[in-house]
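Visitor: need a structure here:
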Amino acid sequence: MSLSERQCRPCEGGTERLPVERARKLLRQLEDWRMDADGLEIKRTFRIEGFSRVLDFINRLAWLSHRQGHHPDFRVFPGGCVVRYSTHAIGGLSENDFICAARLDRLARD
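Guide: Residues are numbered from 1 along each chain as shown. Purely as a prediction, here's the structure:
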């Protein structure tokens with residue numbers, strides 16, 4: 001099953017950060033996402049023309065986040081936005097970050 005077809009699971013006590021090698025393997029399944037040097041977050045810049053289209057994208061991101069129960073950090077700028085995923089409860093990356101990134105990639109293509 002591809003990442004974009006999977007569902008996020010709640011991060012509860014005992015959930016550990018992904019090892020960097022596992023995170024790198026999952027990262028290869030995503031479009032244009034980058035991982036920071038410490039392996040604690042992934043981010044992607046989405047280029048979107050027109051402020052109303054950027055806000056529409058953010059609203060779709062909010063819907064996705066609500067449905068998955070997993071929320072990114074994002075920054076809007078003229079011409080697009082930057083989306084960052086990291087699982088705050090564990091201070092690093094979980095599979096949920098990659099699932100949401102893959103789902104966002106699919107949403108961005110639609």
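Visitor: all strands of the chain, in order?
Guide: 34-35, 42-47, 73-77, 80-85 (DSSP state E).
Visitor: out of these, which comes closest to Glu21?
Guide: strand 34-35 (11.4 Å; CB to CB). Quick note: C-beta positions are derived from backbone N, CA and C, even for glycine.
Visitor: what lines up beside the closest one in the sheet?
Guide: Here strand 34-35 is paired, per DSSP bridges, with strand 42-47 (antiparallel).
Visitor: redo the strands of the chain as JSON lines? Include distance to Ile58 and mean pLDDT.
Guide: Shown next, in JSON lines, are the strands of the chain (distance: least, CB to CB, whole Å; pLDDT from 0 to 100):
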{"stretch": "strand 34-35", "distance to Ile58": "20", "mean pLDDT": "98"}
{"stretch": "strand 42-47", "distance to Ile58": "10", "mean pLDDT": "98"}
{"stretch": "strand 73-77", "distance to Ile58": "7", "mean pLDDT": "97"}
{"stretch": "strand 80-85", "distance to Ile58": "7", "mean pLDDT": "98"}
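Visitor: point out the most buried one among those strands.
Guide: Highest mean neighbour count of these: strand 80-85, a mean of 19 (counted as mean count of other CB atoms under 10 Å).
Visitor: what lines up beside that one in the sheet?
Guide: On the basis of DSSP bridges, the sheet neighbours of strand 80-85 come out as strand 42-47 (antiparallel), strand 73-77 (antiparallel).
Visitor: hmm, who's touching that strand?
Guide: 41-48, 54, 57-58, 61, 70, 72-75, 93, 97-98, 100-101, 104 (CB atoms under 8 Å, 6 or more residues apart in numbering).
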